[in-house]
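Novice: please work out how this folds:
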Amino acid sequence: MGYEWLASLIGVDRFMKDPTNEAQQTTAEQSDVVLGGRLEGTSLTKQIVLLAAWPFLQNILGTMVSFADRVIAGHTMTAETQSAVFDAMGLAMYVGWLMMILQGGIATGAQALVARAFGAHDEDLVERGTAQSFVLGVASGVISGLLVWAMSPTLMSVFGLSGDAALYANQYLRIVALSAPLSGVLFVCNSCLRAGGDTKTPFVAMTAVNIVNVLLSVILMNYVLPPEAIGFGGQPNGVAGLAWGTVASWVVGSALIIRAMLPSKAGETVVVLKRELLNWDWPVGKRILKVGLPQLVEIVGMWTIHAFGVWLIANKLQEEGVLGAHGMVIQIESISFMPGFALGMAASTLAGQYLGAGSKLMAAKAVRACWYVAMATMGFAGVCIVFFAPELVGIMSPAGGAQADMAIEIVRVVGWTQPFFATAMVMKMSMRGAGATTVVMTASFSIMLIIRVGILAACFHFYADQMTLLKVWLIMVLDLVVQASVFTVLH
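Specialist: Sure thing, here's the model as predicted:
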């Protein structure tokens, strides 16, 4: 009760009403399938809304925080240093993604295993899977944090950052790396809760992360560690305030999520984190790694390919401020990701639970419904960012200039491609939720190698003088369209 009006508003219910024979079979089968956790006894429409609504709100807050970081930097730094700061944050975004890769692989394996356990009503496996996911989440966070810390100076050189831009990027990354074990805990715990249909608790924890991040970043950047202040290394503090605000926010978020899953909360939480199960359990851990490692390999490959593109942008393009403009485009494009990512998460959980309950037909039906709504909502968001591109860029870069103009030109192109992005996102996430991470890894990696490496490198080799940031983005759009088409067929 209470969710039907929202389902009707966003159009989910329209995709549940299909006069075809397949839909009639699906309705008959659904009545015999009982999912686990918070999804038990609910209709498919309500399941999708329950699973997507809180992540959607969470994504809104997350996007606002990312915007806030750039707005704070753009309004705090001087006009002379603003371009360097945005270049640094553009690279930091990619390196931060590297830090999340290992954690994301473990979180994917955790969600797939725990969702199937919920669908099969195997309470013992739910608890053991959650405990082993926690152990692996801490380990993955420590490893990824150490990697970023150690690689940070090398990455500055590889991507052609020097002077203030390199100083700011290195400063930001080495501080944020300290938060990696905490983010690892939060990611895997959130995945286990979502697998059981609880998306509200992760939303509350991530909301706290975002609020603390913004408030402390503003205070630290403006009053405690202003850019002109000298840090411990004898250099200006730069973006240190943003970085320390991020670390503090992960401390708060991880503490909240662990508290919500304590045994004392049994009956209130969908899954309990038991201390006695935190010893290494190889049979369960192996199942998580079996699903998570292909995801890890895929994302590492994707990151490497993206990093190759960033290296070309930073080192081969002659336009000044291209890395900062590239980062602004990604930041604005992420506005359209919010509904698509939320629906992809819903599709992932439903695929895992319905397969765990033995219903392939309902798994496919649920994913299709999420896909249709994701295309509609992301398509609408894409149109909005096309028409409001100057205003969105202006919020982050009030000084304007060539860097901002480049970003506006590209945003007006990529906004039209968001339905393809929705397709690739939902299809890939649902297949990972079903445990088909090897298939996703192989197809995704192959397409990106051909287009984002082969075609992009050929263009820079034969037409180096004619290449612009817009043309680089057009090649990436081609990759997106091909991936959407291939994964629709594979699904």
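Novice: my read: residue 183 touches residue 251, true?
Specialist: No: counting by CB atoms under 8 Å, residue 183 does not reach residue 251; the two are 10.3 Å apart. C-beta: built from backbone N, CA, C; applies to glycine.
Novice: apart from its neighbours in sequence, what residue is nearest the residue nearest the centre of the chain?
Specialist: Among the residues of the chain, the one closest to the centroid is residue 341, at 7.6 Å (CA atoms, centre = their mean). Leaving aside its chain neighbours, residue 341 sits nearest to residue 59 (5.6 Å; criterion: CB to CB, 6 or more residues apart in numbering).
Novice: check the burial of the one you found by counting its neighbours.
Specialist: 21 (other CB atoms under 10 Å).
Novice: look up how far residue 143 lies from it.
Specialist: Using CB to CB, to the nearest Å, one gets 27 Å for the distance from residue 59 to residue 143.
Novice: re earlier: which one of residue 183 and residue 251 has more residues nearby?
Specialist: residue 183 (26 against 14).
Novice: if I've got this straight, that one is in a helix?
Specialist: Yes: if the criterion is DSSP: H, G, I helix; E, B strand; the rest coil, then residue 183 is within a helix.
Novice: pull the residues that contact stretch 260-274.
Specialist: Applying CB atoms under 8 Å, 6 or more residues apart in numbering, the external contacts of stretch 260-274 come out as 37-38, 114, 126-127, 130-131, 134, 189, 192-193, 195-198, 201, 204-205, 258-259, 275.
Novice: wait, residue 280 touches residue 135, no?
Specialist: Yes: with contacts defined as CB under 8 Å, residue 280 counts as touching residue 135 at a distance of 6.5 Å.
Novice: looking at the two, which is more packed in?
Specialist: residue 135 (19 against 11).
Novice: skipping its backbone neighbours, what lies nearest that one in space?
Specialist: That would be residue 278: by CB to CB, 6+ apart, it lies 5.9 Å from residue 135.
Novice: and that neighbour, how far from residue 288?
Specialist: For residue 278 relative to residue 288 (CB to CB), the value is 14 Å.
Novice: can you pick out the residue with more neighbours from those two?
Specialist: Taking other CB under 10 Å, residue 278 and residue 288 do not tie; residue 288 has more neighbours (26 against 13).
Novice: can you read off the pLDDT for that one?
Specialist: Looking at residue 288, its pLDDT stands at 83.
Novice: what's near enough to touch the nearest residue to it once chain neighbours are set aside?
Specialist: The spatial neighbour of residue 288 that comes closest, neighbours along the chain excluded (CB to CB, 6+ apart), is residue 109 at 3.9 Å. Residue 109 makes contact with 133, 136, 287, 288, 289, 290, 291, 292, 293, 295, 437 under the criterion CB under 8 Å, 6+ apart.
Novice: shouldn't the third one be in contact with residue 116?
Specialist: Just to be clear, that refers to residue 287. No: assessed by CB under 8 Å, residue 287 is found out of contact with residue 116, at 9.3 Å.
Novice: which one of those two is surrounded by more residues?
Specialist: Between residue 287 and residue 116, counting by other CB under 10 Å, residue 116 is the more crowded of the two (27 against 22).
Novice: show the average pLDDT along the helix or strand hosting the more buried one.
Specialist: Applying DSSP states H and E as the criterion places residue 116 in helix 79-119. Across helix 79-119, pLDDT averages out at 71.
Novice: next helix or strand past it?
Specialist: Immediately after helix 79-119, counting by DSSP H and E, sits helix 123-158.
Novice: pLDDT score assigned to residue 202?
Specialist: Residue 202 is given a pLDDT of 88.
Novice: helices or strands next to the strand or helix carrying it in the packing?
Specialist: Element membership for residue 202 (DSSP H and E) is helix 200-219. Counting contacts by 3 or more CB pairs under 8 Å, 6 or more residues apart in numbering; DSSP states H and E, helix 200-219 is packed against helix 44-76, helix 180-195, helix 240-260.
Novice: chain center to that helix: distance?
Specialist: Centroid separation for helix 200-219 versus its chain: 16 Å, with CA atoms, centre = their mean, to the nearest Å.
Novice: quick one, that helix and helix 240-260 angle?
Specialist: Inter-element angle recorded for helix 200-219 and helix 240-260: 160 degrees (by axes from the mean of the first three to the mean of the last three CA atoms, to 10 degrees).
Novice: show me which residues of helix 200-219 are buried.
Specialist: 200-203, 205-210, 212-214, 216-218 (16 or more other CB atoms under 10 Å).
Novice: same deal with stretch 408-418?
Specialist: Residues 408, 409, 410, 411, 414, 415, 417, 418 are the ones in stretch 408-418 that count as buried (16+ other CB under 10 Å).
Novice: how far off centre is that stretch?
Specialist: So, by CA atoms, centre = their mean, the centroid of stretch 408-418 is 20 Å from its chain's centroid.
Novice: pLDDT of stretch 171-185, averaged?
Specialist: Averaging pLDDT along stretch 171-185 yields 86.
Novice: one step back: list the contacts for the residue nearest to residue 135?
Specialist: Listed by CB under 8 Å, 6+ apart, the contact set of residue 278 reads 131, 134, 135.
Novice: okay, now the second one: neighbour count?
Specialist: Per other CB under 10 Å, the neighbour tally for residue 134 reads 23.
Novice: could I get the CA-only coordinates of stretch 103-111 as CSV?
Specialist: Below are the C-alpha coordinates for stretch 103-111, written out as CSV (Å, rounded to 0.1, in the frame of the first residue of the first chain):
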residue,chain,number,x,y,z
GLN,A,103,35.2,-3.2,-3.9
GLY,A,104,32.6,-3.2,-6.7
GLY,A,105,33.5,-6.7,-7.8
ILE,A,106,33.1,-8.0,-4.3
ALA,A,107,29.8,-6.1,-3.9
THR,A,108,28.5,-7.6,-7.2
GLY,A,109,29.3,-11.2,-6.0
ALA,A,110,27.8,-10.5,-2.6
GLN,A,111,24.5,-9.3,-4.1
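Novice: fine by me, we can end here.
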